[in-house]
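Asks: any chance you could fold what I've pasted below:
(chains A and B)
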Amino acid sequence: MTDVGVTVIVTVVERPEALDGLYREYAAVLDACGRSYEFIFVAHPYFHEMLQPLLALQRLGEPVRTIEAARSVGETALLRMGLDDARGAVIVTVPAYRQVQPSAVAELIAAVDAGSDLAVARRWPRLDSRVNRLQHLALHLTAGRLANGTLHDIACGVRAARREVLLDIPLYGDFARFLPLLAIYNGYRVVEVESPQHPNDLARRVYSPGVYVRRMIDILGLYFLLRFTEKPLRFFGLIGSVLAGIGGIALVVMFVQRLYGQPLGDRPLMLLAVLLATLGVQAIALGLVGEMIVHFNASRRRGYRLREPRKPGEDSASRS
Amino acid sequence: MPLPVAPDLSIVVPLYNEEESIGPLVDAVRDALGAAVSWELVLVDDGSRDATVQRAESLAAADGRIVLVELARNYGQTQAMQAGFDAACGRVVVSMDGDLQNDPRDIPLLVAKLDEGYDLVAGYRMRRQDKMITRKIPSWVANRIIIWLTGVRIRDNGCSLKAYRRELLDQLHLYSDMHRFLPALAAATANARIAEVPVRHHARRFGTSKYGLSRIAKLLADLLTIKMIASFRESPLAMFGFGALASGVIAMAFVAAWLWSFAQRTGPLNSAHVNAYVLPGSALLCVALAAFLTMLGLIAEEALQKARFEERDDRIAARAVIG
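Replies: Numbering: from 1, shown residues only, chains lettered A, B, ... in the order given. Below is the predicted model:
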């Protein structure tokens, strides 16, 4: 049952600040809004010690709960664990450090109340270092394109949404990071709320090379998921026909030259052409298997979502 | 709004930015069908960005026979049609374009044909009012290819005006861009009995066409899919097995060419010569491809096991309801 107005889920997985201070600051904002609220801190086991001050707050009767993952899991799994326990009609997610001014949360909740399904903070103006902005740019030139230019700060973890929206969007892997994109894909209304970047968010973020590789793989997976889930052959078929096409043309040219007397057997190019052709056939074959799976699963899941009936008073023209 | 009694006939119209067409469309349907049969008109808004929804809402409020289904975003015509089919309650369902190119006066003809004992009746456009180069010729070629690949003789797959028996739609699940191949899909997966009748076609009066020539690559991929589903739905392993066999034959040809090149050789054998690896290397690649395709076929069978059983259970359940 939802008996709480707002649930704030704090995922403690990266660069945490003192969590009791964080709680007080956000709680003050929510108090000012006049909303009932609860806080759920979901922590990676590495940050076990950091939860202790929160337990003290809990003993004082503050609406704080803590969940500690039993094993090393990522932000998405932590968020899912928090969602399972959340009782609020509106869910606010924040990272364990301040990315924007805490007052932004009030604006996000107001945006959800006004009929948006998901409101995300946009750190603007940005005060970041050049390194951070470069990474931001790289993210938006790749994953950001999937939002058709409607979102300017996907990576900001300060978000508010109706609870049903978050429960409806399948969150797995590392996709919590791209939640706004998944929401748009599922036909939800997403808005951005601008808020100045918090001084605590300015530290240069440089990760190990493995992290960047992992992100690139995530973005590729996301791209496939959002654009080609229903039509895998268009993805694999494009790759396959380009490869097989190059290989095939090279083979045809060599066979024609063979007819004019140039022997085939001692041309290494032949090996490359056959390799490309076989790779192309493999890609197309994989696409066909994908289509077969989609075909058989089409009856299991509807590929569309209907718009929810509008609340009385909400103007139909206000839809995006 | 749900009608007290399910109507005999449901007309499903996907709409995407058709604010000008929607009013005349509803009038035309009303004039064509009158009060002789009980019908409902299911308008599906596919995330339009103009006033389509507002107009449809007021039309639906004024006439209880008009139902509005709103998709959460622009999903494309296939999903819009599927949403309309899911919402439609009629024993017979008719799909139609929202741009006034189809004439609702043809609906009774389709329904009459359906009552002769068909599961699906497709319209084909007489005296088509479209541009020759960009629309008619590509469409003719595409239809020829579809007939050739699927063996389903439908002259005009691009015509949206079709009538379906409810039981057929319950067995079909549209995804991607499959609405264009609905008759072929219906024949391949549900053994549908299909007929055709000629229908009128009008030039587009409002708005712009939402198609272009750029669809050809997508069309080819979809055709390949349809062909595969029509021929190898029952055993994907057979398809990949044939592929593996062909690949194996090519490998043998490379081996033969290799042996031939040795037989032709006049000088002493020299293992450092490229001849010693190009042809056998090519043969090995083809053998690897054959192995890959065989394994892929096995995995495909594996992945489809569960879906197959579920599909069988659905069919049995559907038959129990009808019988």
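
Asks: closest residue of chain B to chain A?
Replies: B:A72 (2.6 Å; Cβ to the nearest Cβ). To be clear about C-beta, it is placed using only N, CA and C from the backbone, and glycine gets the same treatment.

Asks: what helix or strand is B:P198 located in?
Replies: Element membership for B:P198 (DSSP states H and E) is strand B:194-199.

Asks: ok, the residue of chain B closest to chain A - contacts?
Replies: Counting by Cβ atoms under 8 Å, 6 or more residues apart in numbering or on different chains, B:A72 makes contact with A:186-188, A:304-308, B:47.

Asks: ok, 10 Å please
Replies: A:117, A:186-189, A:304-308, B:47 (Cβ atoms under 10 Å, 6 or more residues apart in numbering or on different chains).

Asks: neighbours of B:M126, just the number please.
Replies: 10 (other Cβ atoms under 10 Å in any protein chain shown).

Asks: per-residue confidence for the nearest residue in space to it that is not next to it in sequence?
Replies: Computed as Cβ to Cβ, 6 or more residues apart in numbering or on different chains, the closest residue to B:M126 that is not its neighbour in sequence is B:P198, at 4.7 Å. Model confidence at B:P198, given as pLDDT, is 94.

Asks: ok, now B:I133?
Replies: Value for B:I133, per-residue pLDDT: 76.

Asks: rewinding a little: and the residue of chain B closest to chain A, how far is that from A:R305?
Replies: According to Cβ to Cβ, to the nearest Å, B:A72 stands 4 Å off from A:R305.

Asks: overlap in contacts, those two.
Replies: A:186-188.

Asks: Provide the partner residues of the residue nearest to B:M126 in its beta bridges.
Replies: As for beta bridges, B:P198 partners with B:Y124 under DSSP bridges.

Asks: check contacts around it.
Replies: Residues in contact with B:P198 (Cβ under 10 Å, 6+ apart) are B:106, B:109, B:123-127, B:155-156.

Asks: hmm, which of those are the buried ones?
Replies: Buried members of the contacts of B:P198, counted by 16 or more other Cβ atoms under 10 Å in any protein chain shown: B:106, B:109, B:123-125, B:156.

Asks: redo the residues you listed as JSON lines? Include distance to A:A43 and pLDDT.
Replies: Shown next, in JSON lines, are those (distance: Cβ to Cβ, whole Å; pLDDT from 0 to 100):
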{"residue": "B:D106", "distance to A:A43": "65", "pLDDT": "95"}
{"residue": "B:L109", "distance to A:A43": "68", "pLDDT": "94"}
{"residue": "B:G123", "distance to A:A43": "62", "pLDDT": "94"}
{"residue": "B:Y124", "distance to A:A43": "65", "pLDDT": "92"}
{"residue": "B:R125", "distance to A:A43": "64", "pLDDT": "88"}
{"residue": "B:D156", "distance to A:A43": "62", "pLDDT": "88"}
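
Asks: reformat these as TSV; add distance to A:D266.
Replies: Below are those laid out as TSV (distance: Cβ to Cβ, whole Å):
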residue	distance to A:D266
B:D106	67
B:L109	69
B:G123	61
B:Y124	57
B:R125	58
B:D156	54
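
Asks: and those residues, which two are furthest apart?
Replies: Using Cβ to Cβ, the buried ones among the contacts of B:P198 reach their maximum pairwise distance at B:L109 and B:D156, which is 14.9 Å.

Asks: ok, residue 71 - contacts?
Replies: Defaulting to chain A. For A:R71, the contacting residues are A:44-45, A:77, by Cβ under 10 Å, 6+ apart.

Asks: wait, I meant chain B there
Replies: A:187, A:304-307, B:14, B:16, B:44-48, B:79-80, B:83-84.

Asks: if we use 7 Å, what do you get?
Replies: Neighbouring residues of B:L71 by Cβ atoms under 7 Å, 6 or more residues apart in numbering or on different chains: A:187, A:304, A:306-307, B:44-47, B:79-80, B:83.

Asks: pretty sure B:D50 sits in a helix.
Replies: No - under DSSP: H, G, I helix; E, B strand; the rest coil, B:D50 falls outside any helix and is assigned coil.

Asks: quick check, it in contact with B:E19.
Replies: Yes - if you go by Cβ atoms under 7 Å, B:D50 and B:E19 touch, sitting 4.5 Å apart.

Asks: ok, those two, which is more surrounded?
Replies: B:E19 (18 against 13).

Asks: so which residues of the stretch 151-300 of chain A form strands?
Replies: Ranges of strands within the stretch 151-300 of chain A are A:159-162, A:190-195, based on DSSP state E, counting those that start in this stretch.

Asks: ranking these by burial, who's on top?
Replies: Greatest average neighbour count among the strands of the stretch 151-300 of chain A goes to strand A:159-162 (a mean of 25), per mean count of other Cβ atoms under 10 Å in any protein chain shown.

Asks: right, is that one up against chain B?
Replies: No - against chain B, strand A:159-162 shows no contacts by Cβ under 7 Å from any Cβ of the partner chain, the least distance being 13.5 Å.

Asks: just the residues contacting stretch A:208-227, thanks.
Replies: For stretch A:208-227, using Cβ under 7 Å, 6+ apart, the contacting residues are A:142-143, A:146, A:173-175, A:178, A:181, A:185, A:235.

Asks: does B:A122 belong to a helix, a strand or coil?
Replies: From three-state DSSP, the assignment for B:A122 is strand.
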